[in-house]
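Undergrad: have a look at this fold, sequence not included:
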């Protein structure tokens with residue numbers, strides 16, 4: 001009985017320590033996309049239990065997004081919940097071996113593809 005209570009206590013403490021983190025990005029590359037409203041709606045849907053990292057428009061640069069992902073990767077563990085939400089246009093590169101890229105249309109990345 002004592003062992004069961006101890007295990008339940010550990011599980012409850014683990015759940016209490018779990019983080020809820022949302023990384024929300026709003027971009028508007030020229031066209032009026034109302035991406036700030038999208039991010040505000042997502043924040044409202046997720047609620048108060050989340051901690052938020054939000055980048056709006058001009059602040060959503062390659063370096064800022066990368067730096068935030070590095071910061072986030074050091075903050076989270078396997079018990080945590082992470083939400084990533086991006087609102088805006090992007091681009092797809094069909095000539096790459098992987099289409100898993102997030103690129104703002106105005107970011108003009110210096111990317112060198114090699115096989």
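TA: Structure's in. What do you need? Owing to the predicted nature of the structure, the values given are computational and were not obtained by experimental measurement.
Undergrad: residue 89 is in contact with residue 33, correct?
TA: Yes - taking CB atoms under 8 Å as the definition, residue 33 is a contact partner of residue 89 at 7.2 Å. From N, CA and C alone the C-beta is placed, and that goes for glycine too.
Undergrad: can you list residues touching both of these two?
TA: The contact sets of residue 33 and residue 89 overlap at residue 27 (CB atoms under 8 Å, 6 or more residues apart in numbering).
Undergrad: in three-state terms, label the closest residue to residue 54 other than its chain neighbours for me.
TA: Leaving aside its chain neighbours, residue 54 sits nearest to residue 24 (4.7 Å; criterion: CB to CB, 6 or more residues apart in numbering). Here residue 24 is strand, with the state taken from DSSP: H, G, I helix; E, B strand; the rest coil.
Undergrad: quick one: residues contacting residue 24.
TA: For residue 24, the set of contacting residues under the criterion of CB under 8 Å, 6+ apart consists of 39, 42-43, 52-55, 83, 85, 87.
Undergrad: switch to 10 Å and redo it
TA: By CB atoms under 10 Å, 6 or more residues apart in numbering, the contact list for residue 24 reads 35, 38-40, 42-43, 46, 50, 52-56, 60, 83-87.
Undergrad: helices - which of these land there?
TA: For these, membership in helices holds for 35, 38-40, 42-43, 46, with DSSP state H as the criterion.
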